[in-house]
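**Student:** Any chance you can model this:
(2 chains)
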Amino acid sequence: MKTNTAVSTSVALSRSKRDHKFLRSILFLLPSWILLLIFFVGPVILTFYFSFTNLSLTGTAAQGIEFVGFQNFKVMFHDPNFRISIIKTILFLLFSAIIGQQVLGFILAVLMKEKNKTFRRIIGIIVIAGWVTPEIVVAFCWVAFLSDNGTLNTLLQSVGLKSVSWLFTFPMVSVIIANIWHGTAFSMLVYQAALDDVPKSIEEAARIDGASRLQSLIRIVLPIIKGSIVTNMVLVTLQTLGVFTLIYTMTGGGPGTATQTLPIFMYNQAFVNYQLGYGTAISLILLIIGIIASLLYIRSMKATI
Amino acid sequence: MGIGRLKKLAAASLVAGCMLISTACSDGSSGTSDGNDKVISITFRSSGGTNTGLTDWLKQDIIPQFKKKHPDAEVKLTPIQASEGNYFAKVALMLKSKNTAPDIVTEDTFMINSDASAGYLEPLDNKVKGWSDWDKFNEKIKQGVIAQNGKVYGVPYNTDSRGLWYNKDLFKKAGLPIPWEPKNWEDILQAAKTIKEKFPKDVVPLWMNSGKATGEATSMQTFEMLLYGTKDPLYDKKSKKWIVKSDGLLDTFKFIDKVYEQKLGPSLSKVLNGQGGQIAYQQLMPKGKLAIGLDGIWQTGTWRKGGPAPWPEAFNVVGFAPMPTQHGEAPGKTTMSGGWAWSIPKKSDNKKLAWEFIEFASSKENNLKQLLKERSLTPREDVAKDPEYKKIPMFKEATELLKYAHFRPAVDKYPSVSTQIQSLVEGVVTGKLSPEQAAKQYQKNVTRIVGKDNVTTR
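**Tutor:** Okay, the predicted model is just below:
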């Protein structure tokens, strides 16, 4: 009997100790949770609410806000500009993030894998320089490079070619290239780390079994680093979906609607056309697209296991 | 929950929390009004070469003099660096919050109705009632600062008219008549074509603001200057309905399309630029690289002594022709008239001193001094008669045009309709929309904005 009570007290003690620890950690977390609630969850809920209203930046609707149900979404799905923006967003995403940054980043990582340290370092620094440069600076650099009197046209003229106003003739290509330049380093770093984790012995075994380098890359290495590919794909997609500064600075979404991706469309509706309610509704759609894209990647990668 | 995971969560929360605190704190101190009743702040647009006249006048003339009268007062300038398209959104955001609302804001009169309806502006009826100078202001221009509820929300400090600036040297060389008096739209296109043939390479025949970045300038100086030369205005005052489908709308889009299709306009990289106005009138026009420009009288301020691009010979070289109606229908000429006004935000915390400043700045001699620098037309009838004012080059022509002036619809939805016009015009000049498609989209978008019951077709 005596021993029994001793055991139960010790259990109770350790439990109370654990409870105490748990409470204490909650206490420590509380301030940041409150802040997150106010500054992160709060705005999200507000956005959700505003997207069902006619809130506007100026005019009568700025004062008397009205609940309009699904009106904003109805208008959006009938707005030809919305369809254009979806197409532009997909193009931008596909070419700059999925094809450009991912593939280029992967190729760079593979090519650098077995090279000597100095080479890796120099190339690494050059690529990463584009990544650490703030977005607004990247945009100005590219404007300076591609504008009518920019570096590229000066070079073209010096060899006797005609100058081209790149940002107006090839606006989408221009922003895609700029975004690839800016973002490739991230993918490269992720893949470098992933490739370093691939055990050398497996590759060697495959080589001995007669696999070519390409075969071993596709059949052996890719499946091993699948996890990194999914993570990187999700991160890069979400990042690219939200690109605003780069495009807005380089082309302002124009000329016309040529580079009007969803974030630019959202900004234009909210802050140029003064329709905040409509703008927030678009941002909600952007969020949903992000969620769907992430789920799709994760699903598709699971299927191929 | 494992302790390890808890630790990670704690670390992440802590970092996020710190970031939020730091951003939350950094915002608090940036307000422009600080509750001191001796300080007033004035917000206006200043970007690149725009509004140098206004800025110079504020800094050199009016603020030093105001300080002499009120030795302990302080006037702070809080200019907004933005393209015309972005200025009004930034103003609206500033006026929304007590922390950022200035004590005086310069408003383009087309925004007054909208910002007043939003509750951003203070009605000034009581103030102008006791102010003897208010009777000196032109009645027509006063209409521009009265909102739909019949209250006064601003004191106008300038007005304007628009027309065709043309380079006489280039016209002479191309064999075109001087003074140039186009009788209809076709005459403008013909003159531009002649210039194009004569100087195929480096002269821009015809410059019209055509993009979203130039904001209201695209709506008013281009689209409405054309549209109000047809029989169909934007808004039917009698029935109080927006005209969303008319021959005038379609013809206006067609004219704009023709200019760019026949390569009579500037390159898109120049004209779809927020700095387009500066490129045209500070760089191209003085260099003889621009033949015709559709713009406002204030461009003379660009070339004045001490202006952003001083050009002493400007008034021998440059002519100002009235804009003709579409087919030369009576009265043969047309222009749009707008203007800017001083307003007091509802959330200003120093309305008394703000009003004293506005009263002081709007006096006869101070308004004249301002317009000598700014080179816009005066809203005061006594200034208009002043010999010094009458001597300003081109002002005689510009003032005469006021007879034919149209005003923008004084309805609170106008700003949203205006931004639709801007993006459709940009769509047409970039070739993304045909004039027919643009007219169709105009009908659809404007109907959405103003509501089905407020539109009509012709």
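**Student:** Not counting the helix or strand containing residue A:89 itself, show me its contacts.
**Tutor:** Under the criterion DSSP states H and E, the helix or strand holding residue A:89 is helix A:80-92. Identification of contacts with helix A:80-92 by CB atoms under 8 Å, 6 or more residues apart in numbering or on different chains yields A:76, A:172, A:175-176, A:179, A:240-241, A:243, A:247, A:257-262, A:264-265, A:282, A:289, B:441. Heads up, the C-betas are built off the backbone N, CA and C, glycines and all.
**Student:** and it, average pLDDT?
**Tutor:** Taken as a whole, helix A:80-92 has a mean pLDDT of 93.
**Student:** next one: stretch B:275-291
**Tutor:** 92.
**Student:** Give the buried residues for stretch B:110-126.
**Tutor:** B:110-124 (16 or more other CB atoms under 10 Å in any protein chain shown).
**Student:** check whether that stretch contacts chain A.
**Tutor:** Yes - interface with chain A: stretch B:110-126 contributes B:111, B:114, B:115, B:117, B:118, B:119, B:120 (CB under 8 Å from any CB of the partner chain).
**Student:** And these, which is closest to chain A?
**Tutor:** Nearest to chain A among the residues of stretch B:110-126 next to chain A is residue B:118, at 3.5 Å by CB to the nearest CB.
**Student:** separation between residue A:288 and chain B?
**Tutor:** From residue A:288 across to chain B, the span is 23 Å (CB to the nearest CB, to the nearest Å).
**Student:** helices or strands up against the host helix or strand of that residue?
**Tutor:** Assigned by DSSP H and E, residue A:288 belongs to helix A:276-303. Using 3 or more CB pairs under 8 Å, 6 or more residues apart in numbering or on different chains; DSSP states H and E, the elements in contact with helix A:276-303 are helix A:42-50, helix A:71-77, helix A:226-241, helix A:262-267.
**Student:** Okay, buried residues for it please.
**Tutor:** Here helix A:276-303 shows A:276-286, A:289, A:293-294, A:297, A:301 as buried, counting by 16+ other CB under 10 Å.
**Student:** what's the spacing between the residue most central in space within chain A and chain B?
**Tutor:** Nearest residue to the geometric centre of chain A (CA atoms, centre = their mean): residue A:239, 1.2 Å. Counting by CB to the nearest CB, the separation of residue A:239 from chain B is 18 Å.
**Student:** What's the separation between that residue and residue A:233?
**Tutor:** 11 Å (CB to CB, to the nearest Å).
**Student:** same thing with residue B:426?
**Tutor:** Distance from residue B:426 to residue A:233, by CB to CB: 35 Å.
**Student:** mind checking which helix or strand whatever residue of the stretch 201-305 of chain A ends up closest to chain B is in?
**Tutor:** Nearest residue of the stretch 201-305 of chain A to chain B, counting by CB to the nearest CB: residue A:256, 3.8 Å away. Assignment of secondary structure by DSSP H and E places residue A:256 within no helix or strand.
**Student:** So what's the residue count around it?
**Tutor:** Close neighbours of residue A:256, defined as other CB atoms under 10 Å in any protein chain shown, add up to 25.
**Student:** does it really touch residue B:424, like I thought?
**Tutor:** No - using CB atoms under 8 Å, residue A:256 makes no contact with residue B:424, being 9.7 Å away.
**Student:** Find residues that contact each of those two.
**Tutor:** residue B:433.
**Student:** re the thing from before, which of residue B:426 and residue A:233 has more neighbours?
**Tutor:** Ranked by neighbour count (other CB under 10 Å), residue B:426 and residue A:233 place residue B:426 first, with 27 against 23.
**Student:** Which other helices and strands does the helix or strand hosting that one contact?
**Tutor:** Following DSSP H and E, one finds residue B:426 within helix B:414-429. Applying 3+ CB pairs under 8 Å, 6+ apart, one finds that helix B:414-429 contacts helix B:84-96, helix B:109-117, helix B:247-261, helix B:435-450.
**Student:** which residue ranges form the strands in the stretch 201-350 of chain B?
**Tutor:** Remark: strands assigned in the stretch 201-350 of chain B by DSSP state E, counting those that start in this stretch are B:204-207, B:235-236, B:241-245, B:290-296, B:318-321, B:323-324, B:333-336, B:339-343.
**Student:** how about these in TSV, adding mean neighbour count and distance to chain A?
**Tutor:** As requested, the strands of the stretch 201-350 of chain B are exported to TSV (neighbours: other CB atoms under 10 Å in any protein chain shown; distance: least, CB to the nearest CB, whole Å):
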stretch	mean neighbour count	distance to chain A
strand B:204-207	26	14
strand B:235-236	18	15
strand B:241-245	20	14
strand B:290-296	25	16
strand B:318-321	22	25
strand B:323-324	22	26
strand B:333-336	24	21
strand B:339-343	26	13
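**Student:** With distance to residue A:200 added, can I get those strands in JSON lines?
**Tutor:** Shown next, in JSON lines, are the strands of the stretch 201-350 of chain B (distance: least, CB to CB, whole Å):
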{"stretch": "strand B:204-207", "distance to residue A:200": "65"}
{"stretch": "strand B:235-236", "distance to residue A:200": "76"}
{"stretch": "strand B:241-245", "distance to residue A:200": "71"}
{"stretch": "strand B:290-296", "distance to residue A:200": "68"}
{"stretch": "strand B:318-321", "distance to residue A:200": "77"}
{"stretch": "strand B:323-324", "distance to residue A:200": "78"}
{"stretch": "strand B:333-336", "distance to residue A:200": "75"}
{"stretch": "strand B:339-343", "distance to residue A:200": "73"}
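**Student:** tell me the contacts of residue B:128?
**Tutor:** B:134, B:152, B:155.
**Student:** ditto for residue B:336
**Tutor:** B:161, B:162, B:220, B:221, B:224, B:225, B:228, B:405, B:406, B:407, B:408.
**Student:** please redo it, this time with the cut-off set to 7 Å
**Tutor:** B:162, B:220, B:224, B:225, B:228, B:405, B:406 (CB atoms under 7 Å, 6 or more residues apart in numbering or on different chains).
**Student:** do the same with residue B:56
**Tutor:** Residue B:56 neighbours (CB under 7 Å, 6+ apart): B:306, B:373.
**Student:** just residue B:227 next, same as before
**Tutor:** Residue B:227 neighbours (CB under 7 Å, 6+ apart): B:233, B:234, B:248, B:249, B:252.
**Student:** what's the answer for residue B:184, then?
**Tutor:** Here residue B:184 is in contact with B:324, B:325, B:326, B:327, B:328 (criterion: CB under 7 Å, 6+ apart).
**Student:** one more time with 6 Å, if that's ok
**Tutor:** Residues near residue B:184 by CB atoms under 6 Å, 6 or more residues apart in numbering or on different chains: B:324, B:327, B:328.
**Student:** JSON lines for the residues of stretch B:110-126 next to chain A, including pLDDT?
**Tutor:** Shown next, in JSON lines, are those (pLDDT from 0 to 100):
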{"residue": "B:111", "pLDDT": "92"}
{"residue": "B:114", "pLDDT": "91"}
{"residue": "B:115", "pLDDT": "93"}
{"residue": "B:117", "pLDDT": "90"}
{"residue": "B:118", "pLDDT": "92"}
{"residue": "B:119", "pLDDT": "93"}
{"residue": "B:120", "pLDDT": "95"}
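**Student:** Good, wrapping up.
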